[in-house]
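Engineer: I need the structure of the sequence given here:
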Amino acid sequence: LPMAEDKEKDTLPEGSEAEIGAARSQASEEPPPNEAAVSSPAGENEADAAAPLPSAEKTDGVREAAPDLGMSEENETVEGNMSLVRHLEELRQRIIRSLIAIGIGSSVAYYYIEDIMGYITMPTGRLYYLQPAEAFFTYLKIALAAGFLLALPVVFYQLWKFVLPALTIRERTVVGVLVPSSVLLFFAGLAFAFFLALPAAIKFFVGFSTENLQPMFTLHQYFDFVLSFVLPFGAVFELPLFIIVFAKLGFIGSDFLRRKQRLVILLSFVVGAIVSPTPDIFNQSMIAVPLIVLYEISYVTVRFIMGK
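Structural biologist: All right, here's what the predicted structure looks like:
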């Protein structure tokens, strides 16, 4: 081995030995890699700690310079107002369409006013008017009332279309059944009152006439009496619908309806006394008896059909 080293020294050029010695001395002066790696994070932490924190003015400037992504309070308010405006615009359109339907129905009713008056005066026969304009304005009231009844399905349809976007699929199904049912029950109550209850009531009141006391019904007062007598029956005939809905929701059952039968009989006559245009027992019975019958029909439906 000494001989090999001597040979290598002999073969190297003269400047190579100086270069090798300089490289070895430079390598000895450099720190080891492990110590540099360990000392560098500490130096960075000290530099971070020594760096000054940004002031509040600078942070406010950064916030102000941040891009607007459409989530500012002003945009939210504008979007809410626009949404409200759109809802109000839709409500206005629904009301206008309902009024147009009522106007068309009133025009049709006024065209057939003579036929309508023939049906209204069937229980009494001849009517009188005491003021020159009484007949004209009473005709307008009759046409308006008849037009509203003709346009009632359209009015309920517009109301249903307005609340439709806020309903779930199940709620839409329920409302889609309740609205036609309520309209049919309302018209059923009006038909019952006009064709059955009203003639009986007029016959009862006319029975008090004598030779010296003859009835003379004026057009205005007779129409007000008919209107106040017929409309409560339309509301009374909605009772089965309310009872079935409450039973479907689980609020009431057949046992509850059976326990409250006596109370319902008493309240039916109280409601009849309040709603009827005259305080006599006949008009009270004309409203109370259908109310009791409808309650019993609802009880049978809830117990035997719905099984509640």
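
Engineer: Not counting its neighbours along the chain, what's nearest Ser285?
Structural biologist: Nearest-residue entry for Ser285: Gly272, 6.9 Å, with adjacent residues in sequence omitted and distances by C-beta to C-beta, 6 or more residues apart in numbering. No exception for glycine: its C-beta is placed from N, CA and C like everyone else's.

Engineer: Then Tyr157?
Structural biologist: Nearest residue to Tyr157, sequence neighbours excluded (C-beta to C-beta, 6+ apart): Val179, at 7.8 Å.

Engineer: number of nearby residues for that neighbour?
Structural biologist: By other C-beta atoms under 10 Å, the residues close to Val179 number 15.

Engineer: per-residue confidence for the residue nearest to Ser285?
Structural biologist: Model confidence at Gly272, given as pLDDT, is 79.

Engineer: Can you tell me the element Val264 falls in?
Structural biologist: Val264 is part of helix 261-275, with elements assigned from DSSP states H and E.

Engineer: Heading C-terminal from that helix, find the next helix or strand.
Structural biologist: Counting by DSSP H and E, what follows helix 261-275 is helix 281-300.

Engineer: if we can go back for a sec, my read: the residue nearest to Tyr157 touches Val155, true?
Structural biologist: No - Val179 lies out of contact with Val155 (C-beta atoms under 8 Å); the separation is 10.5 Å.

Engineer: Distance check, the residue nearest to Ser285 against Phe282.
Structural biologist: Distance of Gly272 to Phe282, given as C-beta to C-beta, to the nearest Å: 10 Å.

Engineer: out of the two, which sits in the more crowded spot?
Structural biologist: Gly272 (23 against 14).

Engineer: Next, the contact list for the more buried one, please.
Structural biologist: 283-288, 291 (C-beta atoms under 8 Å, 6 or more residues apart in numbering).

Engineer: Using PyMOL, define a selection of the buried residues within those.
Structural biologist: Only the buried entries of those go into this PyMOL selection, using 16 or more other C-beta atoms under 10 Å:
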select buried, resi 283+284+286+287+288+291
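
Engineer: Need the per-residue pLDDT for the residue nearest the centre of the chain.
Structural biologist: Centroid check for the chain by C-alpha atoms, centre = their mean gives Val163 as the closest residue, at 4.5 Å. In this model, Val163 is scored at 82, pLDDT.

Engineer: Now find how far off-centre the helix or strand harbouring it is within its chain.
Structural biologist: Using DSSP H and E, Val163 falls within helix 134-163. A distance of 23 Å separates the centroid of the chain from that of helix 134-163, by C-alpha atoms, centre = their mean, to the nearest Å.

Engineer: Buried residues of it, list them for me.
Structural biologist: For helix 134-163, by 16+ other C-beta under 10 Å, it's 135, 138-139, 142-152, 154-158, 160.

Engineer: isn't Leu127 right next to Gln221, touching?
Structural biologist: No - counting by C-beta under 8 Å, Leu127 stays clear of Gln221, with 9.4 Å between them.

Engineer: which one of these two has more residues nearby?
Structural biologist: Higher neighbour count among Leu127 and Gln221: Leu127, with 18 against 15, using other C-beta under 10 Å.

Engineer: what sits against the more buried one?
Structural biologist: Leu127 makes contact with 121, 217-219, 222, according to C-beta under 8 Å, 6+ apart.

Engineer: need these in a markdown table with neighbour count and distance to Arg259, can you?
Structural biologist: Shown next, in a markdown table, are these (neighbours: other C-beta atoms under 10 Å; distance: C-beta to C-beta, whole Å):
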| residue | neighbour count | distance to Arg259 |
| --- | --- | --- |
| Thr121 | 16 | 46 |
| Phe217 | 19 | 45 |
| Thr218 | 16 | 48 |
| Leu219 | 22 | 48 |
| Tyr222 | 19 | 43 |
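
Engineer: Report pLDDT for the closest residue to Tyr110 other than its chain neighbours.
Structural biologist: Using C-beta to C-beta, 6+ apart and skipping residues adjacent in sequence, the residue nearest Tyr110 is Ala143, 3.8 Å away. pLDDT, Ala143: 92.

Engineer: contacting residues for Ala143?
Structural biologist: 106-107, 109-110, 113, 116.

Engineer: can you give me the helices in the stretch 101-250 of the chain?
Structural biologist: 113-120, 134-163, 169-192, 198-206, 219-236, 239-249 (DSSP state H, counting those that start in this stretch).

Engineer: sorry, back to before: buried subset of the contacts of Ala143?
Structural biologist: Neighbour-count burial (16+ other C-beta under 10 Å) is assigned, among the contacts of Ala143, to 106, 109-110, 116.

Engineer: Select from those every entry located in strands.
Structural biologist: If you go by DSSP state E, the buried ones among the contacts of Ala143 have nothing in strands.

Engineer: ok, so of those, who is nearest Ser83?
Structural biologist: Set against Ser83, the nearest of these by C-beta to C-beta is Ser106 (34.9 Å).
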